[in-house]
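>>> Need a 3D model of the following:
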Amino acid sequence: MLTSKQRSYLRGLANSIPTIFQIGKEGINENLVKQILDALEARELIKISVLNNSLLDPKEVANELVVMVEGDVVQVIGNKIILYKPSKKDPKIMLPL
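Numbering: from 1, shown residues only. Here you go, the predicted structure:
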């Protein structure tokens with residue numbers, strides 16, 4: 001669970017990163033979850049876009065993904081989701097206390 005200070009720090013870092021995944025009308029599938037897990041292990045902080053043609057609400061998508069990847073939602077704003085999960089092998093982001 002992230003504190004508000006940590007969440008704010010991660011939101012600042014996420015401003016400069018590009019969106020690397022898009023969720024469309026196919027929704028969330030096993031392959032997408034595996035790719036997101038790999039990206040979180042490599043980057044720790046990722047941005048996902050929920051397309052307008054998706055049948056899912058961005059908040060619903062964020063809640064489902066957090067359970068599947070065992071990470072944290074940093075922010076859901078508009079159709080963008082920012083997820084964080086510390087790397088098990090090589091942590092890169094040092095969170096404030």
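>>> Residue 13 and residue 71, how far apart?
Separation of residue 13 from residue 71 (C-beta to C-beta, to the nearest Å) stands at 15 Å. All C-beta spots, glycine's among them, are computed from the backbone N, C-alpha and C.
>>> of the two, who's got more company?
Remark: of residue 13 and residue 71, residue 71 carries more neighbours, 19 against 14, as counted by other C-beta atoms under 10 Å.
>>> pretty sure the more buried one contacts residue 85?
Yes - the pair residue 71 / residue 85 is scored as a contact, 3.3 Å apart, by C-beta atoms under 8 Å.
>>> what's the overlap in contacts for these two?
Listed as contacting both residue 71 and residue 85 by C-beta atoms under 8 Å, 6 or more residues apart in numbering are residue 40.
>>> Mind giving me the packing neighbours of the lengthiest helix in the chain?
Looking across the chain with DSSP state H, the single longest helix is helix 30-43. Applying 3 or more C-beta pairs under 8 Å, 6 or more residues apart in numbering; DSSP states H and E, one finds that helix 30-43 contacts strand 19-23, strand 45-50, helix 58-69, strand 80-84.
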